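1. Need coordinates for the following:
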Amino acid sequence: MKSHTSKSGPSSPKRSAAFAAPVAFLLVLVLVTLYDLSFADRRYLRIHGAPSSSSSASSPACDLTRGEWVQDAVEVPYYTNLTCPFIDDHQNCMKFGKPSLEFLRWRWRPDGCELPRFDAARFLEAMRGKSMAFVGDSLARNHFKSLLCLLSRVAQPVEVGGESEIDGGAAGRDSSPASHDFTASLFWSPFLVKANLSNATLGMWDVHLDTPDARRYGHPPGGSVEGSFVVDCLHWCLPGPIDLWSELLAQMLLHPRR
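-> Numbering: from 1, shown residues only. This next block holds a predicted model:
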């Protein structure tokens, strides 16, 4: 009786080719399908990521510093003298019966885009756990109070330090909207160090810091601008610039340029 043994060995070329052909076809089909899906995804992102005709201020092509003041009879003011407790009497036009409030119906429109309105809730969320300081004189004070008025629409700021009023006897003021862990501080510039005493005998170094008082706008101190008369009209004669500063600040924080 003869025994039959099977010998193991490589498959014949015909069987290998017959097996490889459908595998190669399936592999090509899978690659084509994946490429088509990938291309479709990229095309989808490209279409939906394209800027529209009315682009927002977050677009990198939008220069917020170039534009014009336009009248806006649709949007209501952010606040009034009844809703914001931080407006001083000498700035409270509504309280003392200004006959026309049309100066509130202006907004800044950058060239080529629209500047979004200030979103207090989003601003506070972006600034959670952070602090912000305003250093200067009247410009910084107005910006500080504008920000408090804008934030008071969603959270009432609480005094956490300093004096209740910034005057000759107060060097700083801190306010923090409750439950948001954000603190805004104001430092009045006359209390900044300008230079060390000329006859100091304690061996201390001279200190020279930039002082916002010695500027060519706002309230120039005596002797800082020689031979010229500067009219303090930057923040009193124009419509809406104070709140605009906070709008621009919000855009720079929420959409920083890379």
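
2. so what's residue 133 bridging to?
-> Counting by DSSP bridges, residue 133 forms beta bridges with residue 185.

3. Let me see the contact set for it.
-> 184, 185, 186, 187 (CB atoms under 8 Å, 6 or more residues apart in numbering). In this view, the C-beta of every residue, glycine as well, is placed from N, C-alpha and C.

4. Same question for residue 66.
-> Counting by CB under 8 Å, 6+ apart, residue 66 has contacts 110, 111.

5. Would you mind measuring from the residue lying closest to residue 93 once chain neighbours are set aside to residue 76?
-> Leaving out its chain neighbours, the residue that sits closest to residue 93 by CB to CB, 6 or more residues apart in numbering is residue 101, at 7.5 Å. Here the criterion is CB to CB, to the nearest Å. By it, residue 101 lies 11 Å from residue 76.

6. what's the span of stretch 89-108, first residue to last?
-> By CA to CA, to the nearest Å, the extent of stretch 89-108 from end to end equals 26 Å.

7. State the three-state secondary structure for residue 97.
-> coil (DSSP: H, G, I helix; E, B strand; the rest coil).

8. Now do it against residue 248, distance only.
-> 31 Å.

9. Give me the more crowded residue out of these two.
-> The neighbour count for residue 97 versus residue 248, taken as other CB atoms under 10 Å, is higher for residue 248 (18 against 6).

10. Let me know the helix or strand that that one is in.
-> Assigned by DSSP states H and E, residue 248 belongs to helix 241-254.

11. buried set for that helix?
-> For helix 241-254, a neighbour-count test (16 or more other CB atoms under 10 Å) marks 241, 242, 243, 244, 245, 246, 247, 248, 249, 250, 251 as buried.

12. Then stretch 90-100?
-> When burial is assessed from 16+ other CB under 10 Å, stretch 90-100 yields no buried residues.

13. Give me the distance between the two termini of that stretch.
-> First-to-last residue span, stretch 90-100, CA to CA: 17 Å.

14. pLDDT of it, averaged?
-> Mean per-residue pLDDT for stretch 90-100: 78.
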